[in-house]
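Asker: Build the 3D model from these lines:
(chains A and B)
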Amino acid sequence: MLLKIAWRNIWRKKTRSLIIIFAVTLGIWAGLFISSFMAGMINEMMDTSINHYFSHIQVHNPDFKGNNEIQFTIKDPLMVMNTIEHNSGVQAITMRTVAFGMASSPSSAAGVKTVGIDPARENKVTTFSQFVKEGTYFTNGKRNEVLIGKKLAEKLHIKLRSKIILTFAAPDGNIASGAFRVCGIYKSGNTQIDAANIFINRQDMNLMLGKDSGYHEIALTLKDAKNIDLVKADIQKQFPLLKTETWKELSPETATLNDYVGFVLWILMSVMMIGLAFAIVNTMLMAVMERTRELGMLMAIGMNKGRTFSMIMIETISLTFVGCPPGIFIAWLTTTYFGKHGISLASWGKGMENFGMSTMVYPHLENNLYFQVSILVFITAFLSAIYPSLRAIRLKPAEAVRKI
Amino acid sequence: MNVIDINNVSKVYHDNAIPVPAVTDVTLHFTQGEFAALVGPSGSGKTTLLNIIGGLDKPSQGDVIIAGQNVTSLSDSKMIDFRLQNIGFVFQAYNLIPVLTAKENVEFIMLLQNRPKAEREKRVAELLKEVGLEDKMNTRPNEMSGGQQQRVAVARALASKPKFILADEPTANLDSKSAANLLDIMAEMNRNENITFIFSTHDQRVIDRARRVITLTDGKVSSDITQGN
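Answerer: Numbering: from 1, shown residues only, chains lettered A, B, ... in the order given. Next up is the predicted model:
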């Protein structure tokens, strides 16, 4: 009967109840959608970091990490790669040769990181080939091709098929240089990567250096990213003399942003819930004040304080919960739609790319977040209900029934 | 045994630090089946006395014994339960829960008493028939007249099988026909079920129907007359 009374009481003042229900719906939708939007942004950033270059895990000679000098290669790289490849958690693996030097065009020059890759293997580990906007990824059999970032191309004032000179220090201490033709211009969505990294075929790099340049970097992707720490620990155990790092260690700013955004989202949701709580408390206090005589009558005829308290609590929680499913449904709908079609932030494009963020955001929400938000709403409703319920049971029946 | 014994009851309010004596040294006894009216001008203390009898207020001095139980010493929560089991109330207005039908309002008190469903349904039907509202079972209070609402309130008060019913100005908002109708029903309940009714009233129609009229003046009993009604 208390449930019946509470439910019917909600609809005594339809307009007022609908306003609160609308506020709850809007609050939940806004909180979830903002969360999905920010999660989508961070996912894009992480994807850019992982899929474009870093991969899930990288392995280096520890001296190379400290000095970036070409002579610090990985010892027995093929054995290392084959061993790691047999780890059940590994999806794909590649090896790279890395040299820091200069890229020069007729009109300009820039410091670059030259990465010698095996194009076929690299394509299984990163999605770089998908970001070639002009030209091709690499052409089979053609020599001295270079993939260059859009930002760097602009800086060097070059275009597709232009020639550049690459120069870097060889392992013997001499300067190695070679002419390369731009076969493709890529745009990764991260201007920092675009400005600093160029890719050539590793065989061309060996020819430049006059010998096998060795490998400086092993990069691998995992079947399930959740196993990243386990796989890292395995590799570390097998090769304790090598430096094994996850993408979080390679790109700490992205990892920090991911954690930070998660924390900020909870703060945001909590603030929204606090706002909602005030609205609910206000509405229910009005309801209790308006029904002073009725509540006094109920207590006079024998409804005890426990039941009175429960009635107001049920009414408050029910009022809040009516708005919860529509809010969650609309959030799911909008997240699913925009998760598929994306939200274009092209107006802020340049600024975002500087931070490694894509201009196209695909909102995303983990399913458990809908459940967590429902719990949060319940807690908000429960806590909001306490004060009005206490006010109700503090009424003195003798005074309440005669209140004007 | 008396149903109600009021022994040297006084009530002083201390609002704004000025003591206001509402009831002074009242001693009264009520037996089963009485049809009594507390009368007096505004401020005479009749509502205060009624509230003290009903356990809605505690006296500053004296005690109230109901069916052998000293209710003055009961805690608030025990008093609520005592009222539920022993006392019926009919107020001047706002008697009914607006969102419940007549049937649900009458049934509500029996739900509070945890009576079984079959008993509740039977008693609801009986009582609404007795008050002449069997066709208004599924009607909400806002769809009934004032007189009909008060009749449902009487049915609700009787549903809990109380020792007595306290009615605070029950006819105040009613026209003469509705008031007469209501009084007829209460008088019939009083006769048939031997339920004690105590009214707090200004209404001469009620005073005329009461068999005992207790007049209060300035918080004291100034007369206590048994009428041959």
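
Asker: Please confirm that B:I198 is located within a strand.
Answerer: Yes: checked against DSSP: H, G, I helix; E, B strand; the rest coil, B:I198 lies within a strand.

Asker: what about it, distance to chain A?
Answerer: Counting by CB to the nearest CB, to the nearest Å, the gap from B:I198 to chain A is 15 Å. Yep, even glycine has a C-beta here, placed from its N, CA and C like the rest.

Asker: Is it correct that that residue is in contact with B:N51?
Answerer: No: B:I198 is beyond contact range of B:N51, at 11.7 Å (criterion: CB atoms under 8 Å).

Asker: Can you dump the C-alpha atoms of the host helix or strand of A:G66 in PDB for me?
Answerer: Assigned by DSSP states H and E, A:G66 falls within helix A:62-67. Output of helix A:62-67 as PDB, limited to C-alpha atoms (Å, rounded to 0.1, in the frame of the first residue of the first chain):
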ATOM      1  CA  PRO A  62      68.600   0.100 -22.700                       C
ATOM      2  CA  ASP A  63      71.600   2.100 -23.900                       C
ATOM      3  CA  PHE A  64      69.700   3.100 -27.000                       C
ATOM      4  CA  LYS A  65      66.900   4.500 -24.800                       C
ATOM      5  CA  GLY A  66      69.400   6.700 -23.000                       C
ATOM      6  CA  ASN A  67      71.500   7.900 -26.000                       C
END
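
Asker: Get me the contact residues on chain A for chain B.
Answerer: A:1, A:4-5, A:8-9, A:12, A:293-294, A:297-305, A:307, A:396-398, A:401-402 (CB under 8 Å from any CB of the partner chain).

Asker: Quick check: mean pLDDT of the helix holding A:G66?
Answerer: Averaging pLDDT along helix A:62-67 yields 81.

Asker: Show residues contacting that helix.
Answerer: A:69, A:72-73, A:98, A:216-217, A:241-243 (CB atoms under 8 Å, 6 or more residues apart in numbering or on different chains).

Asker: just the buried members of these?
Answerer: A:69, A:72-73, A:98, A:216-217, A:242-243 (16 or more other CB atoms under 10 Å in any protein chain shown).

Asker: how much space between B:H202 and B:A187?
Answerer: Remark: distance between B:H202 and B:A187 (CB to CB, to the nearest Å) = 19 Å.

Asker: How about A:E399?
Answerer: 31 Å.

Asker: quick one, which of those two is more surrounded?
Answerer: Higher neighbour count among A:E399 and B:A187: B:A187, with 16 against 13, using other CB atoms under 10 Å in any protein chain shown.

Asker: circling back to that earlier point, what distance separates the helix holding A:G66 from the middle of the whole chain?
Answerer: Centroid separation between helix A:62-67 and its chain, computed with CA atoms, centre = their mean, to the nearest Å, is 29 Å.

Asker: Run the chain-centre distance for the next helix or strand after that helix.
Answerer: For helix A:62-67, the following helix or strand on the C-terminal side (DSSP H and E) is helix A:77-85. Its chain's C-alpha centre and that of helix A:77-85 lie 31 Å apart, by CA atoms, centre = their mean.

Asker: Excluding covalently adjacent residues, which one is nearest to the most centrally placed residue in chain B?
Answerer: In chain B, the residue lying closest to the centroid (CA atoms, centre = their mean) is B:L166, at 1.4 Å. Nearest residue to B:L166, sequence neighbours excluded (CB to CB, 6 or more residues apart in numbering or on different chains): B:G54, at 4.8 Å.

Asker: One more: A:I343?
Answerer: In space, A:I343 is closest to A:V361, 4.8 Å off (CB to CB, 6+ apart).

Asker: phi, psi of the one you found?
Answerer: phi -110, psi 130 (degrees, to the nearest 10).

Asker: contacting residues around residue 145?
Answerer: I'll assume chain A. Going by CB under 8 Å, 6+ apart, the list of residues near A:E145 reads A:138-139, A:180-184, A:200-201, A:204.

Asker: sorry, should have said chain B
Answerer: By CB under 8 Å, 6+ apart, B:S145 lies in contact with B:S178.

Asker: and the lengthiest helix in chain A, average pLDDT?
Answerer: Using DSSP state H, we find that the single longest helix of chain A is helix A:252-290. If you average the pLDDT over helix A:252-290, you get 85.

Asker: And whichever residue of the stretch 251-400 of chain A sits closest to chain B, what's its pLDDT?
Answerer: Distances between the stretch 251-400 of chain A and chain B by CB to the nearest CB are smallest at A:G302, namely 2.6 Å. What the model reports as pLDDT for A:G302 is 90.

Asker: Could you count how many residues lie near it?
Answerer: Using other CB under 10 Å, the number of residues around A:G302 comes to 24.

Asker: How about A:F64?
Answerer: 19.

Asker: Against B:S77, how distant is the closest residue to chain A within chain B?
Answerer: In chain B, the residue found nearest to chain A is B:L84; the distance is 2.6 Å by CB to the nearest CB. B:L84 sits 11 Å away from B:S77, going by CB to CB.

Asker: and the longest helix seen in chain B, what does it pack onto?
Answerer: Longest helix in chain B, counting residues (DSSP H): helix B:176-193. With contacts taken as 3 or more CB pairs under 8 Å, 6 or more residues apart in numbering or on different chains; DSSP states H and E, helix B:176-193 sits against strand B:35-39, helix B:117-130, helix B:146-159, strand B:196-201, helix B:204-209.

Asker: Buried ones in that helix, by neighbour count?
Answerer: B:178-179, B:181-183, B:185-187, B:189-190.

Asker: next one: stretch A:238-248
Answerer: Those would be A:239, A:242-248, for stretch A:238-248 by 16+ other CB under 10 Å.

Asker: cool, stretch A:364-382 as well?
Answerer: Within stretch A:364-382, the residues scored as buried using 16+ other CB under 10 Å are A:364-365, A:369-370, A:373-374, A:376-377, A:380-381.

Asker: so after the longest helix of chain A, what's the next helix or strand?
Answerer: Heading C-terminal from helix A:252-290 (DSSP H and E), you reach helix A:292-301.

Asker: B:L84 and B:S77: which has the busier surroundings?
Answerer: More neighbours surround B:L84 than the other of B:L84 and B:S77, with 19 against 11 (other CB under 10 Å).

Asker: Which strands or helices does the helix or strand encompassing A:K124 pack on?
Answerer: Per DSSP H and E: A:K124 is located in helix A:119-125. Contacts defined by 3+ CB pairs under 8 Å, 6+ apart place helix A:119-125 against strand A:90-104, strand A:217-222.

Asker: Report the mean per-residue pLDDT for it.
Answerer: On average, helix A:119-125 scores 88.

Asker: Any chance you could list what contacts it?
Answerer: A:55, A:92-96, A:128-129, A:137-138, A:199, A:201, A:219-221.
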